[in-house]
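# Provided below are the primary sequence and the corresponding predicted coordinates.
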Amino acid sequence: MSKIHIFLLTVAVVCPVGCSHVSSIGDGGMTDTDTGTSPIECNLGNHDGHFTISAQSSVSTLAGYTSISGDLEISCPSCTDLSELICLTSVGLSLTIVGPELTDLDGLGALTSVGGDLSIYNNAALINLDGLSGITSVGGDLSIYGNDVLTNLDGLSGITAIDGDLGIEDNDALTNLDGLSGITSVGSDILIISNAALTNLDGLSDITSVGERLYIDSNAALTNLDGLNGITLVVGGLFIYYNAALTNLDGLGGITAVNGNLEIRANDVLANVDGLNTLTSVGGDLSIRENAALTNLDGLGALTSVDGLIIFGNDTLTDLDGLSGIIGPVGSSNIFENDPFIDLDWLDVVTPGGLEISTNAALTNLDGLNGITAVGWDLRISGNAALTNLDGLNAVTSAGGDYLGLADNDVLPDCEVCDLLDQLTTVPNSIEVHDNLDDSCTPVPDGCP
């Protein structure tokens, strides 16, 4: 009976919860049969300070330690095996793993906590993260990027909270984020960028708020944002960029406020923004840019306030009626390089700080601006090839910024320009007027160039 008790005690000392690759245990301790290493006893306690593993031979220096108080950097071009780290249960500060020959991280199977950042990048042969399945907390950023053949993040399923950023970037074979399904909060940014095979974000479905910014950028196969449907608040900005297959924003239906900028840019097949139908406020700029298939903004009907507005280069957008709920003031409004005719009627209830209407090829009038009486900052009307009059600005008496530009409107008569300048009682410091239609209007109003 005593022999049996001694045997079990040996297991408890040399094989902590989470160890892997162990297939034989002799009188001397734990033996890893994958590598043929000598038995490892987990009896050295804490390694004080930072440690860098730069070669396979230096892995053994940490054999037997259960913790390291500082950073652990595994930056090792030749490493293929981390099994001698099997006793390690915690890293006090950051853990960095860069090993182009590593296929797995099973040697870290006892690890339960990382006090700082956890960074796993440029591991060209790494197939999975299963060796990290014991980790439950990350005190800093979690960054997974540049791992060419990594197909899933299932080894991270024990993590419930990230105090810093969550960054998943440039993992070409990654198809899903299901391994992140245990995470409920992210203290700073979420960045999902340039993952070519990623089709959904369902693994993020338990996250309810974003501490700073949310970036969904350049994920070529991503068709929807449904995995974000638990988020109600973005404390920083929300950026949806260059997702070539994204057809809708329905996964954003729970968001009522974005405290920073909201930018929706260059999503080639995005036809509508109906998924934003509960959004009421944007604390920064609202930017809708270069979405080739976007025909309307009706999904923004609940929006009542923005700090600035940019509508740029949307080839099929014909009206801005979805913005009619905005009651102003708006810090700056910029409507430019939209090829079809854009109806500006909604703007008559907005008090703009600055106003730019530029390079809208089919715009013939500004009648939708007839409720505006003052522009607080710069005013620029330029490069609108079909604009024939400025009647929509008849109520404007003040332009208080540093600049007023009326230029390169091919069929806009000089008389229209002169009449606007003459009606202003407050004018900017700098006025630029040129290359409009020279009709030699007479009489020329006083002070008109």
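It's in.
# in the sheet, who's paired with residue 333?
With DSSP bridges applied, residue 333 shows beta-bridge pairing to residue 309, residue 355.
# burial measure for it, as a count.
Using other Cβ atoms under 10 Å, residue 333 is surrounded by 27 other residues. All C-beta atoms are positioned from the backbone trio N, CA, C, and that covers glycine.
# can you tell me how far it is from residue 431?
20 Å (Cβ to Cβ, to the nearest Å).
# next: residue 391.
Relative to residue 431, and taking Cβ to Cβ, residue 391 is found at 20 Å.
# low-confidence regions, the stretch 1-150 of the chain specifically.
1-38 (pLDDT under 70).
# the helices in it, which residues?
2-14 (DSSP state H, counting those that start in this stretch).
# for it, which segments are assigned as strands?
Along the stretch 1-150 of the chain, counting by DSSP state E, counting those that start in this stretch, strands occupy 22-26, 29-32, 45-47, 51-53, 65-68, 72-75, 90-91, 95-98, 113-114, 118-121, 137-138, 142-145.
# run through who's touching the fifth one.
The one in question is strand 65-68. Contact partners of strand 65-68, identified using Cβ atoms under 8 Å, 6 or more residues apart in numbering, comprise 16, 42, 44-47, 49-51, 62, 87-92, 110.
# rerun that using 7 Å as the cut-off
Under the contact criterion Cβ atoms under 7 Å, 6 or more residues apart in numbering, strand 65-68 has outside partners 42, 44-47, 51, 87-92.
# now the last one
Residues from elsewhere that reach strand 142-145 (Cβ under 7 Å, 6+ apart): 117-121, 153, 162, 166-171.
# so who does residue 233 touch?
Counting by Cβ under 7 Å, 6+ apart, residue 233 has contacts 209, 257.
# phi, psi of residue 250?
Dihedral angles phi and psi of residue 250 (degrees, to the nearest 10) take the values phi -60, psi -30.
# change the start of the numbering to 43 and stick with it
Got it, first residue is 43 now, which makes that one residue 292.
# for it, which residues are in contact?
Taking Cβ under 7 Å, 6+ apart as the definition, contacts of residue 292 comprise 266, 268, 317.
# mind checking which of those are buried?
For the contacts of residue 292, a burial check counting by 16 or more other Cβ atoms under 10 Å picks out 266, 268, 317.
# out of the residues you listed, list just those in strands.
Applying DSSP state E to the buried ones among the contacts of residue 292, no entry is found in strands.
# tell me the bridge partners for residue 455.
Bridge pairing for residue 455 - DSSP bridges - gives residue 479.
# hang on, it packs against residue 461?
No - Residue 455 is beyond contact range of residue 461, at 9.4 Å (criterion: Cβ atoms under 7 Å).
# which residues do these two both contact?
In contact with both residue 455 and residue 461: no residue, using Cβ under 7 Å, 6+ apart.
# what's near enough to touch the nearest residue to residue 150 once chain neighbours are set aside?
Of all residues not flanking residue 150 in the chain, residue 173 sits nearest, at 4.8 Å (Cβ to Cβ, 6 or more residues apart in numbering). Each residue near residue 173 by Cβ under 7 Å, 6+ apart is listed here: 146-151, 197.
# let's see that with 6 Å instead.
146-148, 150-151 (Cβ atoms under 6 Å, 6 or more residues apart in numbering).
# most surrounded residue in these?
Ranking the contacts of residue 173 using other Cβ under 10 Å puts residue 150 first, with 28 neighbours.
# quick check: that one vs residue 468, distance?
The gap separating residue 150 from residue 468 is 67 Å, by Cβ to Cβ.
# same check on residue 373?
Distance from residue 373 to residue 468, by Cβ to Cβ: 18 Å.
# compare these two (neighbour count), which wins?
For residue 373 versus residue 468, neighbours defined as other Cβ under 10 Å are more numerous around residue 373 (17 against 11).
# may I have the helix or strand that one falls within exported as CSV, CA atoms only?
Assigned by DSSP states H and E, residue 373 falls within strand 372-378. Provided in CSV are the C-alpha atoms of strand 372-378 (Å, rounded to 0.1, in the frame of the first residue of the first chain):
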residue,chain,number,x,y,z
VAL,A,372,-23.0,69.4,-37.1
GLY,A,373,-19.3,70.3,-36.7
SER,A,374,-18.5,69.9,-40.4
SER,A,375,-20.5,68.6,-43.4
ASN,A,376,-18.6,67.3,-46.4
ILE,A,377,-20.4,66.0,-49.5
PHE,A,378,-18.0,65.2,-52.3
